[in-house]
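Novice: Only the shape, not the letters, is given here:
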């Protein structure tokens, strides 16, 4: 499932994938950054569940040119929202986002058959 959003000068793409290891779900975020010599880093913020929940920074501030972020351990059926915030010496820019999505259950197998022979 892909969701693409353009917010200001940033293009955010939210991609959920079911990873075959223990049915863990991973989100991959990608974005484009405008040219900005004052940028010192990028923060990824996530909110789980309902809109009333706060956004919380995920990990350390990323490097100035980083345009992708992977996060595993997500739960099927839980709504996740992400924002991207660029940072500079004078503070943070307004957030880009949110982009939201809910990873779905994988599709069931089909076409199952069995043949018994003597």
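Specialist: It's in. Quantities reported herein were computed from a predicted structural model and do not represent experimental measurements.
Novice: what helix or strand does residue 53 sit in?
Specialist: Under DSSP states H and E, no helix or strand contains residue 53.
Novice: wait, isn't it in contact with residue 46?
Specialist: No - using CB atoms under 8 Å as the test, residue 53 is too far from residue 46 to be in contact (9.6 Å). (Glycine included, C-beta is placed from N, CA and C.)
Novice: More neighbours: the two, which one.
Specialist: residue 46 (21 against 12; other CB atoms under 10 Å).
Novice: State the distance from the more buried one to residue 101.
Specialist: 11 Å (CB to CB, to the nearest Å).
Novice: what sits in contact with each of these two?
Specialist: residue 80 (CB atoms under 8 Å, 6 or more residues apart in numbering).
Novice: tell me the contacts of residue 63?
Specialist: By CB under 8 Å, 6+ apart, the neighbours of residue 63 are 41-42.
Novice: do that again at 10 Å, thanks
Specialist: Residue 63 sits next to 39-42 when contact means CB atoms under 10 Å, 6 or more residues apart in numbering.
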